[in-house]
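K.L.:
Next input, structure requested:
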Amino acid sequence: MFDERHARRLYAYVEDTNQPSQRLCRKLGMRLEGTFMEFVSFMNDQEGQPVYENTMQYAILRREWGTLKA
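P.N.:
Okay, here's the model as predicted:
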C-alpha cells in the first residue's frame, strides 16, 4: 500500500482476544495506538443481548515502514 498506492498511514483493528493478529501487527512494525472498550459486537449472548468486544488499533506510517525496509 505504501509503495503502490502511496498511502500515508495504515491501521488495523484487532480484537483483544486475537493474539495471532496482534503478533502479526507487531511483526509488521505496527504500534498499538489504543484500545476501544466494548467497541463492536459480532454476536449475541444466550439472551439475545449483544456481546461487545474490546478492539485494539495498530498503525504504522509510511516513514516508519521505510526505516524497517532499509
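K.L.:
Count the neighbours of residue 53 for me.
P.N.:
17 (other CB atoms under 10 Å). To be clear about C-beta, it is placed using only N, CA and C from the backbone, and glycine gets the same treatment.
K.L.:
ok, now which ones touch it?
P.N.:
Residue 53 makes contact with 15, 16, 17, 38, 39, 40, 41, 42, according to CB atoms under 8 Å, 6 or more residues apart in numbering.
K.L.:
Show me what it bridges to in the sheet.
P.N.:
Note on residue 53: beta-bridge partners residue 40, judged by DSSP bridges.
K.L.:
and if you look at residue 14?
P.N.:
Under DSSP bridges, the beta-bridge partners of residue 14 are residue 56.
K.L.:
Does it touch residue 58 like I think?
P.N.:
Yes - applying CB atoms under 8 Å, one finds residue 14 in contact with residue 58, separated by 6.4 Å.
K.L.:
and the contacts of residue 53 as TSV, adding distance to residue 30?
P.N.:
Conversion of these to TSV gives the following (distance: CB to CB, whole Å):
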residue	distance to residue 30
15	15
16	15
17	18
38	23
39	18
40	19
41	24
42	22
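K.L.:
Which member of those residues is positioned nearest residue 2?
P.N.:
Distance ranking of the contacts of residue 53 against residue 2, using CB to CB, places residue 15 first at 25.2 Å.
K.L.:
if you skip the residues just before and after it, what's nearest to that closest one?
P.N.:
Using CB to CB, 6 or more residues apart in numbering and skipping the chain neighbours, the partner closest in space to residue 15 is residue 53 (4.9 Å).
K.L.:
Residue 7 too?
P.N.:
In space, not counting the residues next to it along the chain, residue 7 is nearest to residue 1; the distance is 4.3 Å by CB to CB, 6+ apart.
K.L.:
From residue 9, how far off is that neighbour?
P.N.:
10 Å (CB to CB, to the nearest Å).
K.L.:
How about residues contacting the helix or strand hosting residue 66?
P.N.:
In the assignment (DSSP states H and E), residue 66 maps to helix 62-69. The list of residues contacting helix 62-69 from outside it, by CB under 8 Å, 6+ apart, reads 2, 6, 7, 8, 9, 29, 31.
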